[in-house]
Structures are given as structure tokens and as C-alpha cells.
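> Sequence plus the predicted model coming up.
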Amino acid sequence: MKRFFVVLMALLFAGSAFAQEVKTEEKKGPEFSYGLKGAIFGVTGVNDDLAYDYSHIRVRPSLNVTNGNIKGVLTFEIDQDFGKGDAVKNADPGTDNLAVEVKHAYLDAKDVIIPGLTLMGGLNEYSFPLVVKNDFALVRAGFDFGMGKVFVSYIAVEEQDVIENTAADAEDADDVDVYAVDLPLKFDAISVRPGLLYIVGGDQSTYAEAGLTNVALNVSGDMGMVVFNVSGAYLTGDTNATNTAAAYAVDVNVDVKPVEGIKVGAFFTMGSGDDDAADDEEKNYFGIMNTFLGDNSNNPFAANGKTNSGAPDGRLFLFENASAASNGGVNYFDAMDNQNGYMSYGLYVEAKMDKLALFAQFGMANLVEDNAAGDTAIGSEIDLRASYTIGSKTDLFVEAAYLVSGDILEENAYQGILGVTTSL
């Protein structure tokens, strides 16, 4: 399948070169544009005997080069804590660490051979509501047919070795690959997006003999005063040679705008979980998606902090890693991929007045299945944020989150952040 995508990419780019040929006097040189996204903030938090305090910077400069229907994108990332520590992740005195990373690097072609056909390949984000949101090495082909689009993507998750079969005729299938199809459709104020994701692990890969199928549907609508977004997903198949998967997730969000500048919303999120971790059926939806499409080696509430999510983070600042610290900081409370499943629900209100924006949110978090102690109540969370625009797309903000303990989070906790975000 990978070879098919490589051949397809070569053919389409070659075809584009012929299809887009124009007269010499009509040719134009490449156009350059650049941008920058950044966040600088300080964090302090306390949970019983656990106390933490640090400052962090994340900056992503980007360069876009466009020539006709072809575009190249390159985005770097500098992501460091303030002060001497890790040789790469910390900014020590002298600030000459090897901290520059490549975040995105891809080529994008439009109207390839025929109008509406697009092709993208390289390092870029792939996202589907509720299911996945992460950066990958991928290839994507798409076609715009008017009322909607269709996209077919190949994502390389793991490539241990380029050898598929050795000279001694031994199979060496150590790849983990993802194949995705999604079909965003637009009907006036309603958008519908069905999607299919297939994850396969080679027999010699980290996830040997895995074969998972995820079907999902996202429906959103903007009725003026009321805006809604509903997503559902079901995951089935094999996580390895011995275990099967049967997991699901759902997310609902409704916004009401009673007056100009005011928005009131409600949300509900749930991902299924295991009631018996010892059997051969895995039901932890967010945990499985993070295992294959992210990294859940850091358990919730562990001392080494948050997970690297494959599934999208939620809305609650701490329980769902939605705070400003998600821009490269640490989260000690992220609970979404708990083995017993995760559920949250709550309300929020947002007000915008000229350069000032205010946000307040209350939510409750629970396990879907009882843990070993028979508990499900994780706790509740109060989130507050205020921001003030100090320049072009640049905000000074203060953010606070307070966790009220439940049966699982045994002590109350709080976190405060002060910082600046920009998108230039």
C-alpha cells in the first residue's frame, strides 16, 4: 500500500507539471509568506505535598513558499523550560541548547491533473473530532466534488527497518501503519463528516498482529444563536495477537449566544473503559487511541506528568489537559486515558468586550467503570481565564484552575498561569 502512495505521488506531481504548463510570459516566481505562533508563561501548582513551579517558552516560526498550484510549508519549534536542566529541553545559561525541532514540513499541490484533485505529503497534522489529533509523517490525496470533499490518507506510525523480507527469505514486517478515509459534507448550516480509520501492525512490530477499525461520525451546525457539535466513534478489532478491542466514545457540545459578545455552553464527553483488565477484551477507548497514535507511557496522576495524546484533549484545563500548559508544559492531572474509562460534563460562559475576554467553566469528571477500590468519582474542576489584547493577535492572559477532590483525586489542587500568546 505504501508503494502505491509513493507511485501515486510521483505520477500526480509529474502530471501536474504538464497540466500546469503556461506560456513563458505568464509564469510568475514563487511567493513567500511567513508566520509565528508562540506562548511564554509561568506556572505554579499545588496538590497536597506535590508543588511545582516553572516557566516555559514555545515558539513556532513557519515559512510558506507558493508557486502556482504548488505550496511548500516548513515549521520549526523551540520548546524549553527556563533554567539549566535537560541538555535539550531546558534553556541553560548561554542558551545554546540544541532545541530547534522540525514540526511540520510538507508539500501541497492543488488541481493536480484535474480540477479539485489535491495531494499533500510530508510531516503534518491529522485530526478527526474525538478520534485523533496529532502530527505524523503522512500522505493525503483529496478531491473536491462541490457539496463536499473526500480524503484518503496514509500515516506511518512506526518504521523500525526498511527491510520487509530479508535476503534469507525471513519476513520482517515491523511497520505500524494507519489508513484513513474521511468525507466532510456541507448542507447549508449543517456539516456532516463520516470517517474510517484502520490501524495495522506487522507481525514483528511493537503492536504485533494488531488490526483495528475505527468508524466515526461528526455532525456540527451553526443556527445563529445556537451552535452544536456532536461526535461518536466505535473501535473494534485486535490490539495484539491475543487481545481484542470493543470500545466507544461520544462528545456533545452546545453553545448559545443570547446577546452579542456572550456565549453560554454545555458539554458531555465519554470514552468507554475496562471493568476487567485481566480479560482479553480491551474497552478503554482513549487509552487505546493514545497507545497507537500517541504515547500513554505516562499514567494519569503519575509523577512524570501528562501523556502525549493521540486522541484530542478535552475542555477542562487540568483533567483534560486544555490549559495553557498544554503548549509544552506539564500536566499532573490528565485523566482522559484512565484504564477504567473517562467521563466529564459541565457548563461554561465566555464574554468578549473589546480587547478583554473572560472565561469561566465548571465540570465534573468520573470513571466509567469502578476502579479496584470500587470508586468512580475523580473530582470536579473550576476553570477561570482572562485575557487582554496587547498587540496584533497577541494576548496577555491569566489562568487559574481549582480541583475539588473526589474519591480518586484525594486532595484538592490548584494551578495558576500567567503568560502571553501570539499568532503573527
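Perfect, thanks for sending it.
> which neighbours does the helix or strand harbouring Gln415 have in its sheet, and in what orientation?
Gln415 is part of strand 413-423, with elements assigned from DSSP states H and E. Applying DSSP bridges, strand 413-423 is found paired with strand 31-47 (antiparallel), strand 394-405 (antiparallel).
> winner for burial among the ones you listed?
strand 394-405 (a mean of 18; mean count of other CB atoms under 10 Å). Yep, even glycine has a C-beta here, placed from its N, CA and C like the rest.
> ok, now how distant is Lys257 from Leu356?
18 Å (CB to CB, to the nearest Å).
> related to what we said a few turns ago, mind putting the strands paired with strand 413-423 in JSON lines, mean pLDDT and distance to Asn412 included?
Output for the strands paired with strand 413-423, formatted as JSON lines (pLDDT from 0 to 100; distance: least, CB to CB, whole Å):
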{"stretch": "strand 31-47", "mean pLDDT": "95", "distance to Asn412": "8"}
{"stretch": "strand 394-405", "mean pLDDT": "97", "distance to Asn412": "5"}
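> I'd like to know which of the ones you listed lies nearest to Phe187.
strand 31-47 (32.6 Å; CB to CB).
> Throw the strands paired with strand 413-423 into CSV and include distance to Met343, thanks.
Shown next, in CSV, are those (distance: least, CB to CB, whole Å):
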stretch, distance to Met343
strand 31-47, 22
strand 394-405, 16
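> Look up the closest residue to Gly232, ignoring the ones flanking it.
Ranked by CB to CB, 6 or more residues apart in numbering and with sequence neighbours excluded, the top spatial neighbour of Gly232 is Val250, at 4.9 Å.
> where does the stretch 151-300 of the chain have low pLDDT?
169-170, 172, 296-300 (pLDDT under 70).
> 80 - rerun?
160-174, 203-206, 276-278, 295-300 (pLDDT under 80).
> in it, which spans are helices?
Using DSSP state H, counting those that start in this stretch, the helices of the stretch 151-300 of the chain run over 285-293.
> Point to the residue nearest the middle of this structure.
Using CA atoms, centre = their mean, the residue of the chain that lies closest to the mean C-alpha position is Lys133, 2.5 Å off.
> got a list of what that one touches?
Shown in contact with Lys133 (CB atoms under 8 Å, 6 or more residues apart in numbering): 125-127, 309-313.
> The helix or strand containing Tyr345: partners in the sheet, and parallel or antiparallel?
Here Tyr345 sits within strand 342-353, counting by DSSP H and E. Sheet pairing of strand 342-353 (DSSP bridges) gives strand 262-271 (antiparallel), strand 356-366 (antiparallel).
> For my notes, please list these in JSON lines and give distance to Phe41 for each entry.
Putting those into JSON lines (distance: least, CB to CB, whole Å) gives the following:
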{"stretch": "strand 262-271", "distance to Phe41": "24"}
{"stretch": "strand 356-366", "distance to Phe41": "16"}
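> In which helix or strand does the residue lying closest to Ser326 once chain neighbours are set aside reside?
Excluding the flanking residues, the one nearest Ser326 by CB to CB, 6+ apart is Asp313, at 6.3 Å. Assigned by DSSP H and E, Asp313 belongs to neither a helix nor a strand.
> which residues does Asp313 contact?
133, 320-322, 326, 334, 336.
> Need the max-distance pair from those.
Taking CB to CB, no two of those sit farther apart than Lys133 and Asp334, at 14.4 Å.
> So, low pLDDT: which residues of the stretch 301-424 of the chain?
In the stretch 301-424 of the chain, residues with pLDDT under 80: 301-309.
> Show me where the stretch 101-250 of the chain has its strands.
Taking DSSP state E, counting those that start in this stretch, the strands of the stretch 101-250 of the chain run over residues 117-128, 132-144, 149-159, 175-182, 185-187, 190-201, 211-222, 226-238, 244-256.
> wait, which of these is closest to Asn90?
strand 132-144 (22.6 Å).
> Each with direction, which strands does the closest one pair with?
strand 117-128 (antiparallel), strand 149-159 (antiparallel).
> Throw those strands into JSON lines and include mean neighbour count, thanks.
Shown next, in JSON lines, are the strands paired with strand 132-144 (neighbours: other CB atoms under 10 Å):
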{"stretch": "strand 117-128", "mean neighbour count": "18"}
{"stretch": "strand 149-159", "mean neighbour count": "17"}
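> okay, the angle between the helix or strand that contains Ile378 and strand 394-405?
Assigned by DSSP H and E, Ile378 falls within strand 377-391. If you take axes from the mean of the first three to the mean of the last three CA atoms, to 10 degrees, strand 377-391 sits at 170 degrees to strand 394-405.
> next one: strand 377-391 to chain centre, how far?
Centroid separation between strand 377-391 and its chain, computed with CA atoms, centre = their mean, to the nearest Å, is 20 Å.
> Thank you kindly, that will do.
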